[in-house]
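**Student:** Show me how the following folds:
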Amino acid sequence: MKTRVMLNRCLTFGLGVAIAIGTSAPAMALMARAGAQEDTPAKAEEESSETRAQSEASASHHLQSGEMVKVGSDAVVAADEKVTDLVVVLGNAKLEGEVGGDMVVVFGNAEANGKVGGDCVTVFGSLKLGPQAQLGGDTIVVGGHIDKDAGAQLSAPPIEVSFEKFLPQLDPLWKWIKRGLLLLRPLPPSSGLAWIFVGTFFLIYLVIVLLMPRPMETCVGILEKQAVVCFFVGLLALILSGPLVFILIASGVGLLIVPFVKLALSAAGLVGKAACLQYIGFGLGRRFNATTCLQPLPAFLLGAALVTVLYMVPILGFVLWGVLCPLGLGVAILAAFRAFRRNGRNGDNGHTASPTATLGASSAVNACGTTGGTPPIATSSASPASPQQDLAAVSTLDYANLPRVGFWLRFAASLLDLILLGWLLSHTDGLGVLVWLAYHVGMWTWKGTTIGGIICGIKVVRVDGRNLDFGVAFVRALAAVFSLVSLGLGYFWAGWTKEKQSWHDKIAGTIIVKVPRGVSLI
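**Tutor:** This is a model prediction of the structure:
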């Protein structure tokens, strides 16, 4: 209705102007012929009509119908402008003219020195009212404060809910939220609190780089080969850390373990993040052929500088932070498991001979006998090995070369396990997933397979053919959750690729092989 009225007025004003212009020429001719006595009234009437036309045209120019909506930018309503409603999100608003309806500003500051017919609402920002401000509705400010001039006219008392007023000690955090978090960037340039955190963590990363060169080298090497795997491992660890802590707290006894779990995850994240910064610096050094940046410390400094600059960019900074956190945690977890494997192999070599060396030595003795080359003399106490024993020995040594299992045989084994454990899983009061994971971790660590796998004749081993330990089995079980929540694509991957590895196989470094007949898995 307002728009129609304004259009009618504009048409009326235009008609008046046209009539005045159309009749002005004949009137002037008549006045020139009539003489001096009629000249003055005609001129007065002409000036009066022109003045009215100009004032009406000026009034029509002052009016502007429609809403003004700004997202991510500032809005200005000049003194000769009028809008029906004014809405600004992630920006500031300045009003000198008139708003016929409501004025709403979210995540920004508002300055009003004009007329607002409806409500004036500012959320997560401050409101400044000038001497010419006239507010016809309610005045509400949430998360900011009101600066009111004495000449400002308000139809109702203002409502102010100011976090800064009640919690002044949180003012730096509040500024970081408004200038950083709401703009999706971890480091707003004007936030002193953010720079304190950046400086603190930079010193921590620098100490790690200087005092732990070997772990840094290991982590960077893993990132160069398995960066994607590191990201998914870290993401999975972050997702499962919450339920794990909840379960430990619910158990009662786990209350003593929770602080150590959190401390271990935090330390792993710091070490991995330092390695990621160094890895970025190495990449830049190789990209621009800067030999100086190929050294550990300069590479770290270059990577830290680049990441700090990118943290200031809206959206991109938040995305980069979201990638580096799981990436750093994942590479630290993989580096820790690699260290455990290396220590396990060194311990075995220090005490007992490997199966390969034992079999090679026995074969050499059987073939050549004594050092002089005389064939061995068979005695009655020596019993020849059975074919089953030979097959078991060979299969133990050659697991890596056995045929790999695709999707369907794995699915059959899992289905058998589900049938066998169905009754138990239905009586676990919501803990069926944990029981299922614990069952697989225990069976893989003990026998390298499950009950369903024994029936189907398949076994889980490492890529190099060695048996699984608890750490590898645990990582594989956790990674299997990720393969499942991604619409099961991680499981189908074993049937689509030449390597016949699922996503959790790639993460844990394992394969599933078909064991020949006659080899016992029990």
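**Student:** So, low pLDDT: which residues of the stretch 301-450 of the chain?
**Tutor:** 340-397, 425-426, 428-430 (pLDDT under 70).
**Student:** mind redoing it with 50?
**Tutor:** 347-397 (pLDDT under 50).
**Student:** can you tell me which residues contact residue 157?
**Tutor:** For residue 157, the contact set (C-beta atoms under 8 Å, 6 or more residues apart in numbering) comprises residue 139. All C-beta atoms are positioned from the backbone trio N, CA, C, and that covers glycine.
**Student:** so what pLDDT did it get?
**Tutor:** At residue 157, the pLDDT value in this model is 89.
**Student:** Tell me how many other residues crowd the closest residue to residue 183 other than its chain neighbours.
**Tutor:** Among residues not flanking residue 183 along the chain, residue 314 sits closest, at 4.5 Å (C-beta to C-beta, 6 or more residues apart in numbering). When neighbours are counted by other C-beta atoms under 10 Å, residue 314 registers 14.
**Student:** now residue 314, what's its secondary structure?
**Tutor:** Secondary structure, DSSP: H, G, I helix; E, B strand; the rest coil: residue 314 is coil.
**Student:** where does stretch 80-96 sit relative to the chain's centre, distance-wise?
**Tutor:** Centroid displacement of stretch 80-96 relative to its chain, using C-alpha atoms, centre = their mean, to the nearest Å, is 34 Å.
**Student:** Okay, buried residues for that stretch please.
**Tutor:** Of all the residues in stretch 80-96, those buried under the rule 16 or more other C-beta atoms under 10 Å are 81-88, 90-96.
**Student:** can you check stretch 283-294 too?
**Tutor:** Buried residues in stretch 283-294 (16+ other C-beta under 10 Å): 283-285, 293.
**Student:** which helix is the longest one in this protein?
**Tutor:** Criterion DSSP state H: the longest helix present in the chain is helix 213-251.
**Student:** just how off-centre is the helix or strand following that one within its chain?
**Tutor:** Toward the C-terminal end, the helix or strand that comes next after helix 213-251 (DSSP states H and E) is helix 258-287. How far helix 258-287 lies from its chain's middle: 17 Å, per C-alpha atoms, centre = their mean.
**Student:** For helix 258-287, name the packing helices and strands.
**Tutor:** The contact analysis (3 or more C-beta pairs under 8 Å, 6 or more residues apart in numbering; DSSP states H and E) places helix 258-287 against helix 192-211, helix 213-251, helix 296-311, helix 316-351.
**Student:** Of those, which stretch is the most buried?
**Tutor:** helix 296-311 (a mean of 19; mean count of other C-beta atoms under 10 Å).
**Student:** any chance of the helices and strands packed on helix 258-287 in CSV, with distance to residue 508 too?
**Tutor:** Below are these laid out as CSV (distance: least, C-beta to C-beta, whole Å):
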stretch, distance to residue 508
helix 192-211, 26
helix 213-251, 9
helix 296-311, 29
helix 316-351, 9
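**Student:** out of the ones you listed, which comes closest to residue 100?
**Tutor:** Residue 100 lies closest to helix 316-351 among those, at 38.2 Å (C-beta to C-beta).
**Student:** Spatially central residue in this protein, please.
**Tutor:** Nearest to the mean C-alpha position of the chain, by C-alpha atoms, centre = their mean, lies residue 322 at 3.7 Å.
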